[in-house]
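> take this sequence and fold it.
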Amino acid sequence: MRIYAALIYLFLYFPIGLIVFFSFNAGRYAMDWQGFSMQWYLAAWNNPFVMQSLKTSLITAGSTAVISVIIGTAAALGIERIRNAAARQIFDGLIYLAIIVPSIVIGISTLIACVSMFNLLNPVLAAIFGGERPPRLQLGIWTIIASHVLFNLAVVVLVVRARLATLDKNLVEAAQDLYATPLGVFRQVLLPLLLPSIIAGGLLAFTFSLEDYIITSFVAGPYSTLPIYMFASIRRGITPEINAIGTVILFSSFTLLILAQWLMRRREVVTVPAKAPA
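Model prediction:
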């Protein structure tokens, strides 16, 4: 069984190891080793198209993480307070369904929804503003963010709810008995205890948004994220520069995922406050 497991891991990670290895290739061809060099990392850093795509990816991933954390945390708290078991199961099913649905379905449905909305709103904007070039809604960075929030929202909800399930409900009841307002209970009791899971959910949302290609390709419009740039580049042939970009994304994703996993496993030490929450 150990040999079998080792072969499986070798099959999974050997191609990834090749990408990392050949990213340090001094030659111009991806699989033709000509010596060790980091010139392709420098070439990618000085490539304006790579930097612009990276900027778009970071803006998209950062915005997706923030929006997903805010809405996802509120949704998790709301679902947790549903008393009816059947209603809670319905909401749980909808959350899991958002993760199970294939990315290509989310991309197509988001594209159709955005185009339909634009067709309704653009004539209204033209009638309001008039002129030769009235403002028009079109595919772009905000449609990327909206589509990424759709599937990352479910991830944040699951992570935060997993933490909520382990909390001592007596802490909330004690704060309420001490006349804490709902906002005070959240700010002084729930938020400190949920913060590791909230951050972990945000890191996962950031990672999934940063590396997404399928959904982004449907709704990006004229914008190009780093995965879209890489896919367009490999049509002309794989170069060590693409290997270098892939290696950076790989280690960045691994770092964020490991940090998120550590935060999700973290257990806060609960201390009794010196005075009652206001």
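
> once you drop chain neighbours, what's closest to the spatially most central residue of the chain?
Against the mean C-alpha coordinate of the chain, by CA atoms, centre = their mean, the closest residue is residue 205 at 2.4 Å. With CB to CB, 6 or more residues apart in numbering as the criterion, residue 205 has its nearest non-adjacent residue at 3.8 Å, and that residue is residue 152. The C-beta positions use only the backbone N, C-alpha and C, and glycine is treated the same way.

> need the pLDDT of that neighbour.
pLDDT, residue 152: 90.

> check which helix or strand covers it.
Element membership of residue 152 [criterion: DSSP states H and E] is helix 141-164.

> just the CA trace of that helix, in CSV.
C-alpha atoms of helix 141-164 as CSV (Å, rounded to 0.1, in the frame of the first residue of the first chain):
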residue,chain,number,x,y,z
ILE,A,141,-13.2,43.7,-13.9
TRP,A,142,-16.5,44.1,-11.9
THR,A,143,-18.1,41.2,-13.7
ILE,A,144,-15.1,39.1,-12.9
ILE,A,145,-15.4,40.0,-9.2
ALA,A,146,-19.2,39.3,-9.2
SER,A,147,-18.7,35.9,-10.7
HIS,A,148,-15.9,35.0,-8.4
VAL,A,149,-17.9,36.0,-5.3
LEU,A,150,-20.7,33.6,-6.4
PHE,A,151,-18.6,30.5,-5.8
ASN,A,152,-16.2,31.8,-3.1
LEU,A,153,-19.1,33.0,-1.0
ALA,A,154,-20.0,29.4,-0.3
VAL,A,155,-16.5,28.6,0.8
VAL,A,156,-16.5,31.4,3.4
VAL,A,157,-19.9,30.3,4.7
LEU,A,158,-18.7,26.7,5.2
VAL,A,159,-15.5,27.8,6.9
VAL,A,160,-17.2,30.2,9.3
ARG,A,161,-20.0,27.8,10.1
ALA,A,162,-17.5,25.1,11.0
ARG,A,163,-16.1,27.5,13.6
LEU,A,164,-19.5,28.5,14.8
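
> go through it and flag the buried ones.
For helix 141-164, a neighbour-count test (16 or more other CB atoms under 10 Å) marks 141-161, 163-164 as buried.

> my guess is the residue nearest to residue 205 contacts residue 68, does it?
Yes. At 4.4 Å, residue 152 counts as touching residue 68 under the criterion of CB atoms under 8 Å.

> which neighbours do those two have in common?
residue 205 (CB atoms under 8 Å, 6 or more residues apart in numbering).

> report the distance from stretch 57-74 to the chain centre.
Taking CA atoms, centre = their mean, to the nearest Å, the mean C-alpha location of stretch 57-74 is offset from the chain mean by 7 Å.

> typed the wrong thing, it's stretch 203-210
On CA atoms, centre = their mean, the centre of stretch 203-210 falls 3 Å from the chain's centre.

> now do that stretch, average pLDDT.
For stretch 203-210, the per-residue pLDDT averages 89.

> quick one: contacts for the residue nearest to residue 205?
64-65, 68, 72, 204-205, 208-209.

> against residue 200, how distant is it?
13 Å (CB to CB, to the nearest Å).

> count the neighbours of residue 169 for me.
9 (other CB atoms under 10 Å).

> show me where the stretch 151-278 of the chain dips below the pLDDT cut-off.
Along the stretch 151-278 of the chain, the model assigns pLDDT under 70 to residues 264, 266-278.

> try 50 this time
268-278 (pLDDT under 50).

> show me where the stretch 1-150 of the chain has strands.
Assigned by DSSP state E, counting those that start in this stretch, the strands in the stretch 1-150 of the chain number zero.

> show residues contacting the one helix or strand residue 209 maps to.
Counting by DSSP H and E, the element that carries residue 209 is helix 191-210. For helix 191-210, the surrounding residues in contact (CB under 8 Å, 6+ apart) are 57-58, 60-62, 64-66, 68-69, 72-73, 148, 151-152, 155-156, 159-160, 162-164, 167, 171, 226, 249, 252-253, 256-257, 259-261, 263-264, 266, 268, 270.

> just the CA trace of that helix, in CSV.
C-alpha atoms of helix 191-210 as CSV (Å, rounded to 0.1, in the frame of the first residue of the first chain):
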residue,chain,number,x,y,z
LEU,A,191,-15.8,38.4,16.1
PRO,A,192,-12.7,37.7,18.2
LEU,A,193,-13.6,34.0,18.2
LEU,A,194,-14.5,33.8,14.5
LEU,A,195,-11.6,35.9,13.3
PRO,A,196,-9.2,33.0,12.5
SER,A,197,-11.9,31.3,10.4
ILE,A,198,-12.9,34.6,8.8
ILE,A,199,-9.3,35.2,7.7
ALA,A,200,-8.9,31.6,6.6
GLY,A,201,-12.0,31.9,4.5
GLY,A,202,-10.7,35.2,3.0
LEU,A,203,-7.4,33.5,2.1
LEU,A,204,-9.2,30.6,0.4
ALA,A,205,-11.4,33.0,-1.5
PHE,A,206,-8.3,35.0,-2.6
THR,A,207,-6.5,31.9,-3.7
PHE,A,208,-9.4,30.4,-5.7
SER,A,209,-10.0,33.8,-7.4
LEU,A,210,-6.3,34.3,-8.2
